[in-house]
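Participant: with the input below, show me the fold.
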Amino acid sequence: MKQHSGGFKLDEVRASKDFRHFMNVLNKKTFGKAFQRFGKRISVLPVMENSENERLHFHVLLQCPDKYSSTAGQAIFAQKAQSLWKKTYFGYDQTSSRLAADEGWTGYITKLKGQADQIDWENFHWN
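Facilitator: Residues are numbered from 1 along each chain as shown. You can find the predicted model right below:
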């Protein structure tokens, strides 16, 4: 994440709001009106982390929607998510995605090694 944007310094509250905006846009682009009318949403586990050099960022586990279940579909979904993330206020070009998560990846993103590291419960959603 960008650590400064538009004269604002990134903090936990701004990071969470920026991530919420990202998820709202991703859900709307993925599910259309079903997101607003029926609450259809992508399952997400967002973990906010502060790196050793005090750089605030997210590690995220997104469940790929059924309509993107093929390998090609998963790649399209990952590209869409990365593209939308870069358009957020604090979005940054440095992103990485994996098409399959295993226990190792889940353990890595939830390691919570520092006091500032936390699961962003306000943006957590799992079906």
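Participant: list the buried residues for the biggest helix by length in the chain?
Facilitator: Longest helix of the chain, by residue count under DSSP state H: helix 12-31. By 16 or more other Cβ atoms under 10 Å, the buried positions in helix 12-31 come out as 14-16, 18-19, 21-23, 25-27, 30-31. All C-beta atoms are positioned from the backbone trio N, CA, C, and that covers glycine.
Participant: specify which member of those is nearest to Lys113.
Facilitator: Ala15 (17.5 Å; Cβ to Cβ).
Participant: got a list of what the closest one touches?
Facilitator: 1, 48, 56, 58, 90, 120 (Cβ atoms under 8 Å, 6 or more residues apart in numbering).
Participant: before we move on, what about Thr71?
Facilitator: Taking Cβ under 8 Å, 6+ apart, we find Thr71 in contact with Leu99.
Participant: separation between it and Gly91?
Facilitator: 26 Å (Cβ to Cβ, to the nearest Å).
Participant: ok, so what distance separates the residue nearest in space to the middle of the chain from Met48?
Facilitator: The centre of the chain sits closest to Val60, judged by Cα atoms, centre = their mean, with a distance of 4.7 Å. With distances taken as Cβ to Cβ, Val60 is found 10 Å from Met48.
Participant: circling back: so after the longest helix of the chain, what's the next helix or strand?
Facilitator: helix 33-38 (DSSP states H and E).
Participant: packing partners of that next one?
Facilitator: helix 12-31 (3 or more Cβ pairs under 8 Å, 6 or more residues apart in numbering; DSSP states H and E).
Participant: picking up where we left off before, mind checking which of the contacts of Ala15 are in helices?
Facilitator: Per DSSP H, the subset of these in helices is empty.
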